[in-house]
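Q: Here is my input, please return the structure:
(2 chains)
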Amino acid sequence: METWSRFLDTFFKWQVMERYLPAILKGMVVTIEVAAAVVVTGILFGLALAIVRAFRVLALNALIVVFVDMLRALPPLVLILLVYFGLPNIGINLPSFAVLWLVLALVLAAFAEEIFWAGILSIPKGQWEAARSTGLGFLGTLACVILPQAIRLTVPPLTNRTIAITKNTALGTVIGVGEILNQATSAESFSGNATPLMMGAIAYLILFVPVVALGRFLETQFAWRRV
Amino acid sequence: MEAIVQQFFNLGIMREALPLILEGLKQTLIICLIVIPLGLVGGLAFALISLSRFRAARWTMVAAIDFFRSIPPLVLLIFIYAGLPFAGLRLSPLTAVAIAFFLNTSSYYGEIYRAGIESVGLGQWDAARSTGLRTHHTLAYVVMPQAVRNVLPDLVSNTVEVVKLTSIASVVALPELLYSADMARSVTFNSSPIVLAAAIYLAMLWPVVRLISRLERRIAT
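A: Predicted coordinates:
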């Protein structure tokens, strides 16, 4: 009984919960805002890059591949620190929210481009030829024939990647974005109690368990056919 | 232009920071050597349990995997490093990192193995069993080799994610690559050390990322 009440006192202390709930909720709003901004801009930019790549202009494609590879190989935290501390010294001042958004959106765009491109490549050549022979132009073929089929294939890998990158919003705490983890750690040091950390963890579970479950569901619905 | 070179590609500062950063690289490699094998083995265990015959074990494992996939690794790490001491359990940064990363990466590796095992047809099991192989031998000699081959790109790509993940150990003051670079940055007020660290990450991971692209293309065709 002794240990149990001590456990409750450490991780589920009622007074602390009551006191810091507003802060954690505020953090949840910020996390959702960053996440939504990252998902929308990142995926759209990634799709745009994949479409540009479909034109197969050699120089442009080389640039896209280098951009994508670099963002896939670099840890996001490295990029965040680089942009946040580096840019002010050359006269560009971005708020920390914008830095987090920019970096994560670029990382998501890189992964999304790869996934969309793999999707476009997986559509048989006959589809292109058939569509072109009906008189559709290049863009018309891409937009009305190829992409609708390709995007269907990209849903499961894209969902999983998007979830993984969205969770990186927690990295924002390092540069002081007031998201969940940031609110939780400052509440922890104010209260001298681990309850806010537990609340933060629960807040993430509330946000992400449904999304992870959705990803699992989509994976079975749109499964890549492997032979 | 001058300012950009000065701020991001200052060779003098890079040279000065190099010993510190190499020391950090050593720590990063040590973390990788601990975390990647732990994750690969843990992931296999997670996968086998989540495919177990016993419903209770299966459901518990799937719930645990989804739990650890829903919590950002940094949150898990800070919880273990900064939260557990309140309950009387004080861990060194390296132990905290090892535990947090074990739970996180095993869940991801576990899902990949599971997909691989499920991709091997049930007929393979029946055929192997009918030749007299035991269940564990069937798994080891017949199913796993095919399963791993089917999900090899995903396994490699997750390993890249694990190496990138080690950078968040800097938040709990473990003096790895990014931590050392950031120390050098805060002393010199110059971002070149971080650019140097980024170059080292790129040198380690770019070839692997290229390899993944090629592996993925080969599976697709």
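Q: The helix or strand bottoming out on mean pLDDT in chain B and chain A, any residue contact?
A: Every helix and strand of chain B was ranked by mean pLDDT, DSSP states H and E. The lowest is helix B:2-8, at a mean of 85. Yes: using CB under 8 Å from any CB of the partner chain, helix B:2-8 comes into contact with chain A via B:A3, B:I4, B:Q7, B:F8. (Each C-beta comes from the backbone N, C-alpha and C, glycine too.)
Q: residue contacts, the residue nearest to the second one when sequence neighbours are not counted?
A: The one in question is B:I4. Nearest non-adjacent residue to B:I4, counting by CB to CB, 6 or more residues apart in numbering or on different chains: A:I90, 5.6 Å away. Contact partners of A:I90, counting by CB atoms under 8 Å, 6 or more residues apart in numbering or on different chains, are B:A3, B:I4, B:Q7.
Q: Quick check: A:I90 vs A:E2, distance?
A: With distances taken as CB to CB, to the nearest Å, A:I90 is found 58 Å from A:E2.
Q: What of B:A184?
A: Using CB to CB, B:A184 is found at 48 Å from A:E2.
Q: more crowded one of these two?
A: A direct count of neighbours by other CB atoms under 10 Å in any protein chain shown for B:A184 and A:E2 places B:A184 higher, at 25 against 6.
Q: Okay, buried residues for stretch B:125-136 please.
A: For stretch B:125-136, the buried set under the neighbour-count rule, 16 or more other CB atoms under 10 Å in any protein chain shown, comprises B:W125, B:A128, B:L133.
Q: Report the central residue of chain B.
A: Residue closest to the average C-alpha location in chain B (CA atoms, centre = their mean): B:V162, at 2.0 Å.
Q: give me the element A:I206 is part of.
A: Here A:I206 is covered by helix A:195-221, with elements defined by DSSP states H and E.
Q: circling back to that earlier point, what is the nearest of the contacts of A:I90 to A:A50?
A: Nearest to A:A50 out of these is B:I4 (CB to CB; 29.6 Å).
Q: check contacts around the residue nearest to the centre of chain B.
A: Residues in contact with B:V162 (CB under 8 Å, 6+ apart) are B:C32, B:V35, B:I36, B:G39, B:F101, B:T105.
Q: any idea how far the residue lying closest to the second one once chain neighbours are set aside lies from A:A73?
A: Closest residue to B:V35 apart from its sequence neighbours, by CB to CB, 6+ apart: B:F101 at 4.5 Å. Distance, B:F101 to A:A73, using CB to CB: 19 Å.
Q: Name the residue in those two with the higher neighbour count.
A: Per other CB under 10 Å, whichever of B:F101 and A:A73 has more neighbours is B:F101, with 26 against 22.
Q: That one contacts B:G39, doesn't it?
A: Yes: contact criterion CB atoms under 8 Å: B:F101 and B:G39 qualify, at 7.0 Å.
Q: quick one: whichever strand or helix holds B:T60 to helix A:195-221, angle?
A: Assigned by DSSP H and E, B:T60 belongs to helix B:55-70. Interaxial angle of helix B:55-70 relative to helix A:195-221 (axes from the mean of the first three to the mean of the last three CA atoms, to 10 degrees): 110 degrees.
Q: Now helix B:55-70: buried residues?
A: For helix B:55-70, a neighbour-count test (16+ other CB under 10 Å) marks B:M61, B:V62, B:A64, B:I65, B:D66, B:F67, B:F68, B:R69, B:S70 as buried.
Q: count of neighbours near B:I34?
A: 17.
Q: roughly how far apart are it and B:T105?
A: For B:I34, the distance to B:T105 equals 11 Å [CB to CB].
Q: in the chain, which segments are predicted with low confidence?
A: Looking at chain A here, since you left the chain open. A:1, A:223-227 (pLDDT under 70).
Q: please go with chain B instead
A: In chain B, residues with pLDDT under 70: B:217-221.
Q: Do you have the strands of it handy? List them.
A: Ranges of strands in chain B, per DSSP state E: none exist.
Q: Specify the angle between the biggest helix by length in chain A and helix A:195-221 in degrees.
A: Assignment by DSSP state H gives helix A:14-54 as the longest helix of chain A. Here helix A:14-54 runs at an angle of 40 degrees relative to helix A:195-221 (the same axes, to 10 degrees).
Q: which other helices and strands contact helix A:14-54?
A: In terms of contacts (3 or more CB pairs under 8 Å, 6 or more residues apart in numbering or on different chains; DSSP states H and E), helix A:14-54 is packed against helix A:58-73, helix A:96-121, helix A:147-167, helix A:180-191, helix A:195-221.
Q: B:L174: what's it in contact with?
A: Taking CB under 8 Å, 6+ apart, one finds B:Q27, B:I31, B:P93, B:L94, B:V97 in contact with B:L174.
Q: out of the residues you listed, which are inside helices?
A: Going by DSSP H, the helices hold B:Q27, B:I31, B:P93, B:L94, B:V97 from the contacts of B:L174.
Q: For these, give me TSV that also has neighbour count.
A: Shown next, in TSV, are the ones in helices among the contacts of B:L174 (neighbours: other CB atoms under 10 Å in any protein chain shown):
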residue	neighbour count
B:Q27	20
B:I31	24
B:P93	20
B:L94	16
B:V97	26
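Q: want to throw the residues you listed into TSV with distance to chain A?
A: Shown next, in TSV, are those (distance: CB to the nearest CB, whole Å):
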residue	distance to chain A
B:Q27	14
B:I31	12
B:P93	15
B:L94	18
B:V97	14
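Q: Nearest to A:Q15 among these?
A: Using CB to CB, the ones in helices among the contacts of B:L174 come closest to A:Q15 at B:P93, 30.6 Å.
Q: my guess is that closest one contacts B:S170, does it?
A: No: B:P93 is beyond contact range of B:S170, at 9.8 Å (criterion: CB under 8 Å).
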